[in-house]
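*Asks:* I would like to see how this sequence folds:
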Amino acid sequence: MSSIKIYGVIDVSIDPVRSTLLHAALFALVLLIGRLWLFRSMTKAEIAVSAAISAVFYLAVTIAELTAPNCFFNFSPSLSVALMELQHWRSNLSSLLWKLTDQIEISAVVSCFAPFLFVPFGRKAVEQFSAKS
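*Replies:* The predicted structure follows:
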């Protein structure tokens, strides 16, 4: 429910359960879109390698942000915004884990491994074509 007060201030009330369910549904939708559109021609091994590269990047950025807050923003605000855009998709998982564990650092680090959720959607092996005469 939202209401506008006398001076134009908007008062918003968010139900945390509905918000969590919406975030979980959006994350599941991203996984489904990834399965149907992005990874349908990739093998599980190829997706695992891509996920490992992404996870290392996310982990490096997250550790830098946890040890030195605003380190990227102080260096370059546009770099900070670009990194935020690259990592935004996994924030739903991080928020869900944070609500479950009440540990923001642990949830941020665990969510770095979210790209591995796409691995089960890959094909088992590359099809081998043989020339028959």
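*Asks:* Low-confidence stretches in this protein?
*Replies:* Across the chain, the ranges flagged by pLDDT under 70 are 1-13, 126-133.
*Asks:* can you give me the helices in it?
*Replies:* With DSSP state H applied, the chain shows helices at 16-33, 44-67, 71-75, 77-87, 91-101, 104-110, listed in chain order.
*Asks:* can you tell me which of those helices comes nearest to P120?
*Replies:* For P120, the closest of the helices of the chain is helix 44-67, at 7.4 Å, according to CB to CB. (C-beta placed from N, C-alpha, C; glycine too.)
*Asks:* Please name the residues that touch A114.
*Replies:* Residues counted as contacts of A114 (CB atoms under 8 Å, 6 or more residues apart in numbering) are 55, 58, 89-90, 93.
*Asks:* typed the wrong thing, it's R35
*Replies:* R35 makes contact with 118, 121, according to CB under 8 Å, 6+ apart.
*Asks:* sorry, back to before: what's the closest of the helices of the chain to A125?
*Replies:* helix 44-67 (8.4 Å).
*Asks:* Quick check: which helices or strands does that closest one pack against?
*Replies:* Packed against helix 44-67 by the contact rule (3 or more CB pairs under 8 Å, 6 or more residues apart in numbering; DSSP states H and E) you find helix 71-75, helix 77-87, helix 104-110.
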